[in-house]
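In: Coordinates for the following, if possible.
(2 chains)
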Amino acid sequence: MSEPAATDDKTSSPPPPPAQHKSWADEADDDAEAANETTAPTTAVPSSSSPSLNVDELSIDENKKPPKLLDDPEDSNIQAVTSGDTPYTSAATFEDLNLSAELLRGLYVEMRFQKPSKIQAISLPMILNPPHRDLIAQAHNGSGKTTCFVLGMLSRVDPSVQAPQALCICPTRELAIQNTEVLRKMGKHTGISSECAVPTDSRDSLPIQKREPIKAQVVIGTPGTIKKWISFKKLGVTRLKILVFDEADQMLAEDGFKDDSLRIMKEIEKFNSSCQVLLFSATFNDIVKNFVERTVKKDHNKLFVKKEELSLDAVKQYKVRCPDELSKIEVIKDYIFELGENVGQTIIFVRTRQSAKMLHKSLVDMGYEVTSIQGALDHEERDKIVKEFRDGLTQVLISTDVLARGFDQQQVNLVINYDLPIKHTAEYTREFEPDYEVYLHRVGRAGRFGRKGAVFNLIYDEKDERLMSKIENHFGTRVSEVREKSVEDYKAALKEAGLLQ
DNA sequence: GCGTTAT
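Out: You can find the predicted model right below:
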């Protein structure tokens, strides 16, 4: 048995209340309430097996009282605050986690992992051991967060129960598909079933009303489809033991998926107050951090990283000053493509769907083999473009921020910011603000798991200059300039980044 | 701006 708590949970979970709740289809009137919900869930009921909780510990000001630190690997800068008296020991090996033999086989044979990464070593004991407290976990891009929650879902599922027991919600279709693939690979020998809940180009698929209820033990998907499946009673929530939000800061941000996410959380809570909630992301700005801490149960555990320590040292950042918009294309094809030909794959990020199309056309017309992806494409087309890139059939992919977060392709060594990411605020603002979180996530598409990488930020006017220097200040990093027409500068940059001999 | 359901 991989996990003693599986049987324990069965005895401690309350019987499901009568299902007399109305479905979402007819409760649009609850929207305002859901949108304004800022208080923590009122039903923070610990499972009957939990030791006495020191809830006060969580409400303290972190600056006044030193947090309890776990044993801290030398180069780790993850701050852990644990709730109550439960001692957690960092896992030096996967064996330390009491995983099933089938799961260990998945980790070693299928995934080829050797030992837990830092975030895995620290977070997995918190996720897997009773009393299964909620967890907010921040860790660097490419540091192995997916494994944390995938392993958490796989090992908390009771294989003998054929009903959804783990649910993971992701901001994009691509990320949901990727996470499903990771789970299937890692769980290959466990026999655990899974379903990916993302929209499909209707034609071939049965309308939702005619479909059988989901029996898969793990469901991973995007908010709209998950909401729909729940509201049509095709996805039961009563047996859920673990709920995961990937890219949780975006999933709970005001301009993100906050309403959908809270709606789903509340629906699950109605039937199932003991469901463990995991929130994972590389970024949590102060506003969303404050909010998410009030969204999960009070006795949650948390892991955070200081923003100054969040940039990846292995990925070098550069800026190129371009005299006009058109010269950005020249820089890309004449310098970055020429010199970066053999450095691996490249993602070029743009701000709008339209510029993705235009840049794509320009480069294709000039004879370059590039593809592009953005949300206006058909689902099938999106899947095809991603597959071709994953298979290495394309070297250069132009993308909107649909791929800014989570997209894991280890051969990506070069990221080009054709446009810098900007924050949109509802109000009129004096000045453009960079979207620091998106910037960091884009950078994180290179340098997966400690690999080398470089980012070229294309700057062309005063607005870009200001955005760039704000980004430098925010992360306390220096972004050195590569002169637009200096082959030597590009070479030196790629050498410094470790991508060129 | 970008992202996310389908009737």
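In: Helix, strand, or coil at the residue lying closest to residue A:335 once chain neighbours are set aside?
Out: Leaving aside its sequence neighbours, residue A:335 sits nearest to residue A:490 (CB to CB, 6 or more residues apart in numbering; 4.9 Å). Backbone N, C-alpha and C define where each C-beta goes, glycine included. Under DSSP: H, G, I helix; E, B strand; the rest coil, the three-state class of residue A:490 is helix.
In: per-residue pLDDT, residue A:490?
Out: Listed pLDDT for residue A:490 reads 96.
In: What separation is there between it and DNA strand B?
Out: In this structure, residue A:490 and DNA strand B are separated by 28 Å, where distance is defined by CB to the nearest atom of the strand, to the nearest Å.
In: Thought residue A:337 was touching that residue, still the case?
Out: No: counting by CB atoms under 8 Å, residue A:490 sits too far from residue A:337 to count as a contact (10.5 Å).
In: neighbour count winner among these two?
Out: When residue A:490 is set against residue A:337 and neighbours are counted by other CB atoms under 10 Å, the residue ahead is residue A:490, at 25 against 19.
In: quick one, what contacts the residue of the stretch 101-250 of chain A found nearest DNA strand B?
Out: Taking CB to the nearest atom of the strand as the measure, the stretch 101-250 of chain A has residue A:224 as its residue closest to DNA strand B, at 2.4 Å. For residue A:224, the residues meeting the contact criterion (CB atoms under 8 Å, 6 or more residues apart in numbering) are A:199, A:260.
In: Please apply the same query to residue A:370.
Out: The neighbours of residue A:370, taking CB under 8 Å, 6+ apart as the test, are A:348, A:360, A:363, A:364, A:394, A:395, A:396, A:397, A:398.
In: pLDDT score for it?
Out: Residue A:370 carries a pLDDT value of 95.
In: beta partners for it?
Out: According to DSSP bridges, residue A:396 are recorded as the beta-bridge partners of residue A:370.
In: quick revisit: buried sites along the helix or strand the residue of the stretch 101-250 of chain A closest to DNA strand B falls within?
Out: Taking DSSP states H and E as the criterion, residue A:224 maps to helix A:223-231. Buried residues in helix A:223-231, counted by 16 or more other CB atoms under 10 Å: A:223, A:225, A:226, A:227, A:228, A:229, A:230, A:231.
In: Then stretch A:166-182?
Out: Applying a neighbour-count criterion of 16+ other CB under 10 Å, the buried positions in stretch A:166-182 are A:166-180, A:182.
In: average model confidence for that stretch?
Out: Taken as a whole, stretch A:166-182 has an average pLDDT of 96.
In: just how off-centre is that stretch within its chain?
Out: Per CA atoms, centre = their mean, to the nearest Å, the displacement of stretch A:166-182 from the mean C-alpha position of its chain is 9 Å.
In: Just want the angle from the helix or strand that the helix holding residue A:224 is followed by to helix A:223-231.
Out: Later in the chain than helix A:223-231, the nearest helix or strand by DSSP H and E is strand A:242-246. Per axes from the mean of the first three to the mean of the last three CA atoms, to 10 degrees, the angle that strand A:242-246 makes with helix A:223-231 is 160 degrees.
In: what does strand A:242-246 contact?
Out: The set of residues external to strand A:242-246 that reach it, using CB under 8 Å, 6+ apart, is A:132, A:145-146, A:149, A:152-153, A:156, A:165-171, A:175, A:179, A:251-252, A:261, A:264-265, A:268, A:275-281, A:406.
In: which strands and helices sit next to the following helix or strand past it?
Out: Next helix or strand after strand A:242-246 toward the C-terminus (DSSP H and E): helix A:248-251. Of the remaining helices and strands, those touching helix A:248-251 by 3 or more CB pairs under 8 Å, 6 or more residues apart in numbering; DSSP states H and E are strand A:276-281, helix A:286-295.
In: Run a quick neighbour tally on residue A:332.
Out: Using other CB under 10 Å, residue A:332 has 28 other residues around it.
In: for the closest residue to it other than its chain neighbours, helix, strand, or coil?
Out: Spatially, and ignoring its direct neighbours in sequence, residue A:332 is nearest to residue A:416 (6.4 Å; CB to CB, 6+ apart). Assigned by three-state DSSP, the conformation of residue A:416 is strand.
In: my guess is residue A:416 contacts residue A:458, does it?
Out: Yes: A contact is recorded between residue A:416 and residue A:458 when judged using CB under 8 Å, the distance being 6.8 Å.
In: Identify the contacts common to the two.
Out: Contact criterion CB under 8 Å, 6+ apart; residues shared by residue A:416 and residue A:458: residue A:332.
In: so who does residue A:394 touch?
Out: Counting by CB under 8 Å, 6+ apart, residue A:394 has contacts A:345, A:369, A:370, A:371, A:385, A:388.
In: From residue A:445, how far off is the fifth one?
Out: What it means is residue A:385. 15 Å (CB to CB, to the nearest Å).
In: Which one's more surrounded, these two?
Out: Counting neighbours by other CB under 10 Å for residue A:385 and for residue A:445 shows that residue A:445 has the greater number, 29 against 21.
In: closest to residue A:239 among the buried residues of helix A:223-231?
Out: residue A:230 (13.1 Å; CB to CB).
In: was I right about the closest one contacting residue A:267?
Out: Yes: with contact taken as CB under 8 Å, residue A:230 and residue A:267 are classed as touching, separated by 6.1 Å.
In: would you say residue A:149 is within a helix?
Out: Yes: checked against three-state DSSP, residue A:149 lies within a helix.
In: Please name the nearest non-neighbouring residue to it.
Out: In space, and not counting its chain neighbours, residue A:149 is closest to residue A:244: 4.5 Å by CB to CB, 6+ apart.
In: and the one you found, how many neighbours does it have?
Out: The burial count assigned to residue A:244 is 27, neighbours taken as other CB under 10 Å.
In: ditto for residue A:126
Out: Residue A:126 has 25 neighbours, counted by other CB under 10 Å.
In: Then residue A:130?
Out: In terms of burial, residue A:130 registers 17 neighbours under the definition other CB under 10 Å.
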